[in-house]
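Enquirer: What follows is a predicted protein model with its sequence.
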Amino acid sequence: MSAEKYFSLEGFATPAGTAKYAADAISSGRSAKHFRVFDGLYLSSIGMGTYLGDITRQDDMAVENAVYESIKSGAVNVIDTAINYRAMKSEKSIGRALRRLTDEGIISRDRVFISTKNGYITNDGDFPSVDVTEYIHRMYIAPQLISADDISSGYHVMHPDYIARCIDKSLLNMRLDTIDLVYIHNAYESWCHDIGREEFMQKLAKVFEVYEKYRSSNKIRYYGMATWTCFRVEQYAGEYLSLEEVVKLAENVGGKVMALGSFNFHTTLHTAKLSY
């Protein structure tokens with residue numbers, strides 16, 4: 001097999017790297033106010049999402065070029081995706097864009113912040129003849145990594161083995177050694193009609209344990225929850241989840257955490273265990 005198949009980009013977003021990205025952008029005319037500092041990282045006030053598009057080669061190139069040009073412009077060093085976006089093909093487009101940017105010497109890995117999400121079931125768009133149901137059965141149910149009962153009515157899985165495989169696949173898709181931020185994707189909204197809050201919190205604790213394992217091995221730097229409504233609705237609503245209780249849960253699993261407000265329209269929670 002070719003060496004290309006095993007290429008991965010080393011490193012992760014750092015204070016020094018992102019500060020250099022911001023400094024270069026400011027020297028080229030960008031406003032200093034365009035960048036915000038979080039835990040020492042200089043992050044652009046806008047990020048790029050990669051949700052929409054068809055599973056076509058044309059859209060693969062469109063996403064790749066959009067990521068490439070956005071980062072190259074000095075305006076965006078925050079890229080957001082999810083493993084299920086365009087059936088993994090958005091992650092793969094990001095990987096190709098980052099490879100081009102680094103090969104051309106435009107950026108280094110430590111200047112950009114990459115986030116992804118997992119939890120929803122997905123197939124691999126590079127194999128369009130295998131639909132999502134068949135893919136999940138072949139890859140997860142037949143090998144007994146999960147059972148059909150582990151899939152919610154919202155097509156979501158929180159089984160630790162599934163979450164771990166998703167992280168591994170996201171690293172491979174994006175050709176990265178480390179992902180800056182991993183979210184559990186719309187988890188409570190996908191499970192609240194099937195199970196109670198207590199059972200959900202038990203599942204969430206196991207997800208956080210997986211994230212902590214990957215964080216401790218430097219495969220991810222931060223982790224959190226990407227949500228639509230659960231932290232914003234009234235307490236009496238069926239989709240309500242207490243952010244304070246989630247913070248306590250994360251602290252029980254991994255120690256002290258820090259909360260960040262809205263990021264790319266998601267309410268997020270991040271671990272603060274970092275070393276540079």
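Expert: Thanks, I have it.

Enquirer: what about Ile195, how many neighbours?
Expert: Counted with other CB atoms under 10 Å, residues neighbouring Ile195 total 15. Backbone N, C-alpha and C define where each C-beta goes, glycine included.

Enquirer: Next up, phi/psi of it, please.
Expert: Main-chain dihedrals, Ile195, degrees, to the nearest 10: phi -140, psi 160.

Enquirer: how near is it to Asp149?
Expert: Distance of Ile195 to Asp149, computed by CB to CB, to the nearest Å: 11 Å.

Enquirer: now Thr50
Expert: 31 Å.

Enquirer: Looking only at neighbour counts, state which of the two leads.
Expert: Thr50 (22 against 8).

Enquirer: show me the contacts for the nearest residue to the more buried one once chain neighbours are set aside.
Expert: Excluding its sequence neighbours, the residue lying closest to Thr50 (CB to CB, 6 or more residues apart in numbering) is Ser90, at 3.9 Å. Contacts for Ser90 (CB atoms under 8 Å, 6 or more residues apart in numbering) come out as Thr50, Tyr51, Gly53, Val63, Thr81, Ala82.

Enquirer: Which residue comes closest to the third one once chain neighbours are left out?
Expert: Counting by CB to CB, 6+ apart, Asp59 is the residue found nearest to Gly53 once chain neighbours are left out, at 3.9 Å.

Enquirer: that's a helix at the one you found, yeah?
Expert: Yes: the assignment for Asp59 (DSSP: H, G, I helix; E, B strand; the rest coil) places it in a helix.

Enquirer: can I assume it is in contact with Arg86?
Expert: Yes: if you go by CB atoms under 8 Å, Asp59 and Arg86 touch, sitting 7.0 Å apart.

Enquirer: Those two: who's more crowded?
Expert: Between Asp59 and Arg86, counting by other CB under 10 Å, Arg86 is the more crowded of the two (23 against 17).

Enquirer: where does Leu260 land on pLDDT?
Expert: On the pLDDT scale, Leu260 is placed at 46.

Enquirer: whoops, Gly119 was the one
Expert: So, for Gly119, pLDDT stands at 98.

Enquirer: Measure how buried the closest residue to it other than its chain neighbours is and give me the count.
Expert: Nearest residue to Gly119, sequence neighbours excluded (CB to CB, 6+ apart): His185, at 4.1 Å. Counted with other CB under 10 Å, residues neighbouring His185 total 23.

Enquirer: next one: Glu64
Expert: 22.

Enquirer: Show me what the mean pLDDT comes to for the host helix or strand of it.
Expert: Using DSSP states H and E, Glu64 sits in helix 57-72. Helix 57-72 shows a mean pLDDT of 98.

Enquirer: Same check on stretch 181-197?
Expert: 98.

Enquirer: Check stretch 102-109 too.
Expert: 97.

Enquirer: I'd like the next helix or strand past the one helix or strand the residue nearest to Thr50 maps to.
Expert: Using DSSP H and E, the element containing Ser90 is helix 89-103. On the C-terminal side of helix 89-103, the closest following helix or strand by DSSP H and E is strand 113-118.

Enquirer: hang on, the earlier thing: so how far is Ile121 from the residue nearest to Thr50?
Expert: For Ser90, the distance to Ile121 - CB to CB - is 16 Å.

Enquirer: do the same with Thr14
Expert: As judged by CB to CB, Thr14 and Ile121 stand 34 Å apart.

Enquirer: before we move on, what about Arg57?
Expert: 24 Å.

Enquirer: more crowded one of the two?
Expert: Between Arg57 and Ile121, counting by other CB under 10 Å, Ile121 is the more crowded of the two (20 against 9).

Enquirer: Surely the more buried one touches Tyr155?
Expert: Yes: counting by CB under 8 Å, Ile121 does reach Tyr155; the two are 5.0 Å apart.

Enquirer: burial measure for the nearest residue to Gly154 once chain neighbours are set aside, as a count.
Expert: Among residues not flanking Gly154 along the chain, Ser190 sits closest, at 3.2 Å (CB to CB, 6+ apart). For Ser190, the neighbour count with other CB under 10 Å is 22.

Enquirer: how about Ser190, what does it touch?
Expert: Gly119, Tyr120, Ser152, Ser153, Gly154, Tyr155, His156.
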